[in-house]
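Undergrad: Structural data only, the sequence is not supplied:
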């Protein structure tokens, strides 16, 4: 963490701060404009400075004044300063006792401020110091004393409201009007709906309510019904509620739809000029059964002593012009969002499923990465081309598995011309996996749920999504292409939108080491020197044990979240010094940006002026797309959990086998053997004894009987509740045999709705 500057009393001639031991003065012309602005703001900490007063206070020249707005924008982006109401700017940081950030509230009333400045630690806000802020608000907070090694803060101002509308169940009152039972349990204020603002809502309807009055210290939220989604019992309505709650766009604006409608339905001959013609090269797409947008295709040939891999990616940048209506909408969306029953695409279907999609047997414009490997899977040479391809086939992951693993005669005979190529892809894939593992890349074994719906949208099965050689081939090819593009652009000094994954914080490593010690496992490295290989060894040590999934999850949570950045911070999880996202421009905006950067580099158009322009924009793009990615992932995760709850609603009273997948002071989590569903046995339902939580042994023990409920134990449970509003499935313990049961083998069969690259 960089050294903090500390304010001192001002000297004659200008404000100053300390940087190390040397004072920094606002009238020192040798300093940057940013340093002089910060010096002025630190002098007036707690009061702020109006923008109009900054030029004189910081002794800025007319030329420097012209760039002042850019300087302030950069300081605001990285959380070094904040703009309060009235346009006054305040400096932030521990040294001045003020921070800004997003408020993450807890249903019990307390909260955390996730700071805007990534170098500042998050702060705990006790219950009673949160008002009048709500979950999701951007806030200004005053640092208080530190207790139990955690900083505390008090909210002093809401800078930006995080929600304009709320989704919940309308509850009518006899005397008129009603209340809203908000589905987001982190919104802890009551919501009143006056009689004149109920719209067409009936008691029990799921509604979208627009906030008309935000909470204060003495008043609750007031809202009006903006849309009635339908009866809360309708499973499709619940998905609609999640879409509204996360503010996901359901339609494209008219200019965007018109631009998409004007796109050609086929590739015109003039578009092929100057492109590498790969239409005779054997190239195929491999994707999920339900996929409709194909943005990557692969092909492979043998070469002397090794392999030549072709990775061709849809040339979305050819159709989506920088700054166009299509481009602006794609940036605002950031990513496509995938639900079990629908997709909210980043680009209109005319592009995503049409002219950009690498459909079989038609010409498509692409950007191709050619990678030459030696016999050990080591890259010897790379080339990058604007190209045109014609996919020979649309294969599914299951097709590839049945050809390569099952040897299914009917599938092999149907794809005779492709079998040899797929076998070569498998050989290269296994070499790449081995090399990646050797350098320390971390592979988590965390199965995902696949939801199978009936015609009414109600889930009829929840299974573990399969991950096999079909998925692994595509994953390794895409990882290799992404890494190759990153190294190429860095080598040619082209600005880059990096995909970064920073090393875990030392305190997170310390907590992880303490947790796994209870299982007789160890993190051997020092907390501030942990390497990917240390985590890799830990996962290998726990493989096959009952606690494998739990430790995979805890280890993953100890790591920082991958994000986009303009700086080359490396990728810890992949043990890669440089990495980017290039292979999915149909569904991820960062990939589209990287296509443009590569395109300008290949055409020799990356002038000094363009380099500076890109460097200025990339930080803002990285921040915006990282934020949209988190929103999409949260919404997808919530809908999956919701579908699991809906699936269990008609199973109330059933007794089912399972195993204890987690133990907490408040009870045991149980994963069912027959379904990929987890629920809670709350400790208060264990009426035969008083159960104590033994943290280091990961068990609950009856104080009188000595009965033990331990992680991995086989149990039989009764389903007692499946509540969509509380987002919970509750079980009651029927019997436990006390013997450890291994977690169910992951059958890895079925399809995945999407690939999420790291």
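TA: The structure has been received and is ready for your questions. Computed from a predicted structure; not experimentally measured.
Undergrad: roughly how far apart are residue 99 and residue 124?
TA: Noted for residue 99: a distance of 12 Å to residue 124, by Cβ to Cβ, to the nearest Å. The way it works is simple: take the backbone N, C-alpha and C, and place the C-beta from them, glycine included.
Undergrad: Specify which residue of those two has the higher count of neighbours.
TA: Higher neighbour count among residue 99 and residue 124: residue 99, with 26 against 18, using other Cβ atoms under 10 Å.
Undergrad: What's opposite that one in the beta bridge?
TA: Beta-bridge pairing of residue 99 under DSSP bridges involves residue 141.
Undergrad: Could you report the pLDDT at it?
TA: Residue 99 carries a pLDDT score of 82 in this model.
Undergrad: Please tell me how far it sits from residue 630.
TA: The spacing between residue 99 and residue 630, counted by Cβ to Cβ, is 20 Å.
Undergrad: returning to what we had before: intersection of neighbour lists for residue 99 and residue 124?
TA: Common contacts of residue 99 and residue 124 (Cβ atoms under 8 Å, 6 or more residues apart in numbering): residue 153.
Undergrad: what about the strands in the stretch 201-350 of the chain?
TA: All strands of the stretch 201-350 of the chain, identified by DSSP state E, counting those that start in this stretch, fall at 205-213, 221-231, 276-277, 285-287, 296-303, 306-314, 337-339, 342-344.
Undergrad: could those strands be laid out in CSV, adding mean pLDDT and mean neighbour count?
TA: Formatted as CSV, the strands of the stretch 201-350 of the chain follow (pLDDT from 0 to 100; neighbours: other Cβ atoms under 10 Å):
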stretch, mean pLDDT, mean neighbour count
strand 205-213, 95, 20
strand 221-231, 94, 18
strand 276-277, 97, 16
strand 285-287, 97, 23
strand 296-303, 97, 21
strand 306-314, 98, 25
strand 337-339, 94, 22
strand 342-344, 93, 17
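Undergrad: Quick one: end-to-end distance for stretch 574-586.
TA: 24 Å (Cα to Cα, to the nearest Å).
Undergrad: in that stretch, what counts as buried?
TA: Buried residues in stretch 574-586, counted by 16 or more other Cβ atoms under 10 Å: 574, 575, 576, 578, 579, 580, 581, 582, 583, 584, 585, 586.
Undergrad: neighbours around residue 127, how many?
TA: By the criterion of other Cβ under 10 Å, residue 127 has 13 neighbours.
Undergrad: and it, how far is that from residue 187?
TA: Counting by Cβ to Cβ, the separation of residue 127 from residue 187 is 15 Å.
Undergrad: can you check residue 276 too?
TA: Distance, residue 276 to residue 187, using Cβ to Cβ: 54 Å.
Undergrad: next one: residue 408
TA: Residue 408 is 52 Å from residue 187, where distance means Cβ to Cβ.
Undergrad: These two: which has the busier surroundings?
TA: More crowded of residue 408 and residue 187, by other Cβ under 10 Å: residue 187, with 20 against 15.
Undergrad: quick one: that one is in a helix?
TA: No. According to DSSP: H, G, I helix; E, B strand; the rest coil, residue 187 belongs to no helix; its state is coil.
Undergrad: so who does it touch?
TA: Per Cβ under 8 Å, 6+ apart, neighbours of residue 187: 105, 134, 135, 163, 166, 221.
Undergrad: from the residues you listed, which has minimum pLDDT?
TA: residue 163 (90).
Undergrad: Strands along the stretch 551-700 of the chain, start to end?
TA: With DSSP E, counting those that start in this stretch as the criterion, the stretch 551-700 of the chain has strands at 563-565, 655-664, 667-672, 678-682, 691-694, 699-702.
Undergrad: buried sites along the fifth one?
TA: Okay, so that is strand 691-694. residue 691.
Undergrad: As a check, name the ranges of all strands in the stretch 401-550 of the chain.
TA: Using DSSP E, counting those that start in this stretch, strands in the stretch 401-550 of the chain cover 449-453, 459-464, 498-500.
Undergrad: quick one, which of the ones you listed is packed in tightest?
TA: Of all the strands of the stretch 401-550 of the chain, strand 498-500 carries the top mean neighbour count, a mean of 26, counting by mean count of other Cβ atoms under 10 Å.
Undergrad: tell me what the helix or strand hosting residue 716 is packed against?
TA: Residue 716 is part of strand 713-723, with elements assigned from DSSP states H and E. Using 3 or more Cβ pairs under 8 Å, 6 or more residues apart in numbering; DSSP states H and E, the elements in contact with strand 713-723 are helix 608-648, strand 655-664, strand 667-672, strand 678-682, strand 728-740.
Undergrad: Take the ones you listed and write them to TSV, including distance to residue 478, mean neighbour count and mean pLDDT.
TA: TSV is the format used below for those (distance: least, Cβ to Cβ, whole Å; neighbours: other Cβ atoms under 10 Å; pLDDT from 0 to 100):
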stretch	distance to residue 478	mean neighbour count	mean pLDDT
helix 608-648	17	18	94
strand 655-664	31	20	92
strand 667-672	31	23	94
strand 678-682	30	21	96
strand 728-740	35	16	78
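Undergrad: Quick check: which of the ones you listed is nearest to residue 550?
TA: In terms of Cβ to Cβ, the element of the helices and strands packed on strand 713-723 nearest to residue 550 is strand 655-664, at 5.9 Å.
Undergrad: Could you spell out the sheet neighbours of that closest one, each with its direction?
TA: Sheet pairing for strand 655-664, assigned by DSSP bridges, gives strand 667-672 (antiparallel), strand 713-723 (antiparallel).
Undergrad: Now find how far off-centre the last one is within its chain.
TA: Pointing back at strand 713-723 there. On the basis of Cα atoms, centre = their mean, to the nearest Å, strand 713-723 sits 31 Å off its chain's mean C-alpha point.
Undergrad: With the first one instead?
TA: For strand 667-672, the distance from its own C-alpha centre to the chain's C-alpha centre is 26 Å (Cα atoms, centre = their mean).
Undergrad: so what's residue 30 scoring on pLDDT?
TA: At residue 30 the predicted local distance difference test score is 63.
Undergrad: no, scratch that, I was asking about residue 363
TA: Reading off the model, residue 363 has pLDDT 97.
Undergrad: Angles on the backbone of the closest residue to it other than its chain neighbours, please.
TA: Sequence neighbours aside, residue 267 is the residue nearest to residue 363 in space, at 4.4 Å (criterion: Cβ to Cβ, 6 or more residues apart in numbering). Backbone geometry at residue 267, expressed as degrees, to the nearest 10, gives phi -80, psi 120.
Undergrad: Which residues are in contact with residue 267?
TA: 355, 362, 363, 364, 365, 388.
Undergrad: what about the fifth one, how many neighbours?
TA: To tie it back to what came earlier, the one meant is residue 365. 22.
Undergrad: State the distance from the nearest residue to it once chain neighbours are set aside to residue 253.
TA: Once flanking residues are discounted, residue 365 sits nearest to residue 315: 4.1 Å by Cβ to Cβ, 6+ apart. As for residue 315, its distance to residue 253 is 24 Å (criterion: Cβ to Cβ).
Undergrad: Between these two, which is the more surrounded one?
TA: Shown here are residue 315 and residue 253; by other Cβ under 10 Å, residue 315 has more neighbours (25 against 13).
Undergrad: who touches that one in this structure?
TA: Taking Cβ under 8 Å, 6+ apart, we find residue 315 in contact with 356, 364, 365, 366, 367, 386, 595.
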